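Participant: need coordinates for the following:
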Amino acid sequence: MKKKRILMITIIFCLLVPPTIFADVEVNDDKTLSPYFLVKSDDPALDQLPLLETSAAVDIAGVIADVKVKQVYKNDGDRVIEAIYVFPASTRAAVYGMKMTIGERTIIAKIEEKEEARQQYEQAKEEGKTASLLEQQRPNVFQMNVANILPGDTIIVELNYTELLVPEDGVYSFIYPTVVGPRYSNLPESEAPPGEEWIENPYLHEGEAPPYTFDIGVNVSAGLPIQEMVCTSHEVDIDYEGKSYGVVKLAKSEKHGGNRDFILNYRLAGGQIESGLLLFEGEEENFFLLMLQPPERVTSEDIPPREYIFIMDVSGSMHGFPINISKAVLRDLIGNLRPSDKFNLMLFAGASEVMAQNSVPATEENVKRAIDIIDNQRGGGGTEILPALQKALNLSRSPGSSRSVVIVTDGYVRVEKEAFDLIRENLGDANMFAFGIGSSVNRFLIEGIAHVGMGEPFIITDENKAPAQADKFRKYIQSPVLTQIKADFEGFDTYDVEPISIPDVLAERPIIIFGKYNGEPKGEIKVTGYHGDDEYSEVVKVADSKPMDNNSALKYLWARHKITLLSDYNSISSTDELKEEITDLGLQYNLLTQYTSFVAIDSEVRTDGQATTVKQPLPLPQGVSDYAVGGKMAMQRTMAAPISPDMAFAEVEKPATEPHVLQPRFKVTIDKLKTKDGLSEDDVRSFLESRLGVIQRCYYKALSTDASLEGKLELEFKIDSTGVITDLKILSNKLNKQLADCVLDEFKKMSYPPDSAIETMVTVTFKFEK
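Facilitator: Residues are numbered from 1 along each chain as shown. Predicted structure coming up:
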């Protein structure tokens, strides 16, 4: 009797395990530090979505952007809450101020050492005071804590930052990141240090709109006539108030557009560049910034043979839209290699695999083999980037050729510094180029890899832009703009000049030098180098520029650059002296750093200090599938696809901790697809494949009531010019009404990327099979 009772309990448990049916499940008691999907509470008294709106007001004057970020929190529940919101920023942002507004009261935040700010915040929370705390978790990831938000409260927190805009190929870009993508982590939760807890954050499912509204406005005062201005990421309205002044406003239809980077590009008339010397005289220190445009690129006919190592991320977060962009760029890069070049290909997810033991010649046969391997990838599993980098960097070198390593990834990992250290210590005389793929990539990782790897970063948000970026990469490799650069200061008393040594200029962008000076601004700055085989020299007369009060941001920009440099050293060899120097810079210049934080505390005691902590759920970045949430956990919660098993690779490396791959017992595929006018079938297929995760969830729900359910569902719909899906209807249903209705509901939430949308009629048949 006892045995029967135990058996019944086991059967019931197996039937209730959510959310996916697997043939096998590995149980691991040591939970990893991972993002997770939001589980909605049944308690109506608890407000799980405290962030009401987020917006940004941007003023660009010349080459300096000043940004005011506004976050509005509202408690619509009946319980006192503490809200935690993780959000991104530019990797170049110098955050110099914060304030909190409660009703008629405004509290200006103070900059404090990180531990001291946290202690003050926690004490205020326990005392029942409303308080806010801004911490830096990564140079491009911040965390806002707001304690003791009372029922009915509306609390506004504003922060200010500035950044330098550096044009490339004559184009200025202002980028405002809006969402932090989920970070893969294999770190056990029990071993996670306090600074890594932000990774364990709730996310909405793919296709779900942000639960808060988003707005942004940009005023551009270029100083020179603006030739053109375009936003490539969102629908905007642009008005010109004079030849050199433009006003950009977000369209009302984009109020839920906070799931991808806001990208504004503009070009000055005649391709001009705002270059020259900027000066600022402070009460105690004087600062300068020199931006000098190098000559145009010289095309070299004598290009030595090169060796390329291509590393492709095929993890779960790359599934669908991102991996299709990766395929496009790698097909272009590998397909255009010269016969004299050699190359190798590595794929990585939870494990890493290489195409050959040693790099192979770029023959037609080898190129076709590599492209076939790339085309067979779908994306699934964890993101074990460190073993992949180690393996790639340890591959034997081809004699007589220069090596370039190219990594293609969205960067959704927590091990940025470990990756930088690994590259710095193992790269040798090679250089590394990073291609960031997707609508909201981890720019800290992508830019950092290129920085420590003496290469360049590329960000691709649209498959159609892959060929242009690949062509730009080839130009960088073949003909650097300027090499062996030196700067001499004659009669200009400077100190704390950065950078100490100026790296080669690969892209067509200005040389940037900044620092401090004593006394009168006089003398000259002489910059020399080599432009192809010719010598280059440029002299700037300091007295031709005058100190300006509106250049006050130079002190923040200089300090931020210095902090970035010290942080690079600190990641190589962390010392108390480096930590103290970074801390002192943050305190002296009122800047947010890894060791300093902003804290604002209201003087009134408003509650008893018994607040429920709520982590603000984040939307998945546009184009990112549910596969992105959690590495190992995703294999148990979502459908994990291994690296294609039919690929004949030379070797396979699996970490000792890698779990066996779990195969789902059911799948959803696109059986037939037709488009009329507008978008190509490939474009629409890529879009729909990136959304298969939500349709799979519908299938799972339907299987819980009919375990034998299989069949096809044919739909027709229109994608309009803004990406909205309309005229949705069922043409044929060989399944059941529950599943069909669920799929229709999910389709109503979808939208095609608006920057590439064209009015298109689509007919698609989905195949559901076990």
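Participant: which stretches of the stretch 401-550 of the chain form helices?
Facilitator: With DSSP state H, counting those that start in this stretch, the ranges of helices along the stretch 401-550 of the chain come out as 416-426, 443-452, 466-478.
Participant: the shortest one vs helix 416-426, what angle?
Facilitator: Looking back up the chat, that one is helix 443-452. 10 degrees (axes from the mean of the first three to the mean of the last three CA atoms, to 10 degrees).
Participant: check which helices and strands helix 443-452 sits against.
Facilitator: On a contact count with 3 or more CB pairs under 8 Å, 6 or more residues apart in numbering; DSSP states H and E, helix 443-452 meets strand 402-409, helix 416-426, strand 431-437, strand 457-460. Every residue, glycine included, has its C-beta placed from N, CA and C.
Participant: for Gly257, which of these is the nearest?
Facilitator: strand 457-460 (17.8 Å; CB to CB).
Participant: remind me what the closest one packs against, helices and strands.
Facilitator: Applying 3+ CB pairs under 8 Å, 6+ apart, we find strand 457-460 packed against strand 431-437, helix 443-452, helix 466-478.
Participant: closest one to Ala251 among those?
Facilitator: Of the helices and strands packed on strand 457-460, nearest to Ala251 by CB to CB is helix 443-452, at 24.7 Å.
Participant: what residues does that closest one touch?
Facilitator: Contacts to helix 443-452, defined as CB atoms under 8 Å, 6 or more residues apart in numbering, come from residues 90-91, 138-141, 175, 177, 407, 409, 411, 413, 416, 419-420, 423-424, 427, 432-436, 455-459, 568.
Participant: quick revisit: quick check: which of the helices of the stretch 401-550 of the chain has the most neighbours on average?
Facilitator: Of all those, helix 443-452 carries the top mean neighbour count, a mean of 23, counting by mean count of other CB atoms under 10 Å.
Participant: what's the average pLDDT for stretch 626-635?
Facilitator: In this model, stretch 626-635 has an average pLDDT of 58.
Participant: which residues touch Pro182?
Facilitator: Applying CB under 8 Å, 6+ apart, we find Pro182 in contact with 35, 201, 203, 317, 412, 620, 624, 628-630.
Participant: before we go further, it is sitting in a strand, right?
Facilitator: No - per DSSP: H, G, I helix; E, B strand; the rest coil, Pro182 lies outside any strand segment and is coil.
Participant: please name the nearest non-neighbouring residue to it.
Facilitator: Computed as CB to CB, 6 or more residues apart in numbering, the closest residue to Pro182 that is not its neighbour in sequence is Pro35, at 3.9 Å.
Participant: isn't that neighbour right up against Trp198?
Facilitator: No - with contact defined as CB atoms under 8 Å, Pro35 does not count as touching Trp198 (9.8 Å).
Participant: need the helices and strands packed on strand 457-460 in a markdown table with distance to Met100 and mean pLDDT, can you?
Facilitator: Listed next are the helices and strands packed on strand 457-460 as a markdown table, based on distance: least, CB to CB, whole Å; pLDDT from 0 to 100:
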| stretch | distance to Met100 | mean pLDDT |
| --- | --- | --- |
| strand 431-437 | 34 | 87 |
| helix 443-452 | 27 | 85 |
| helix 466-478 | 41 | 82 |
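Participant: can you put the helices of the stretch 401-550 of the chain in TSV and add distance to Ile601?
Facilitator: TSV is the format used below for the helices of the stretch 401-550 of the chain (distance: least, CB to CB, whole Å):
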stretch	distance to Ile601
helix 416-426	32
helix 443-452	30
helix 466-478	47
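Participant: just the helices in the protein please.
Facilitator: 2-16, 114-126, 321-335, 364-375, 385-393, 416-426, 443-452, 466-478, 553-572, 576-588, 631-637, 681-689, 692-703, 737-749 (DSSP state H).
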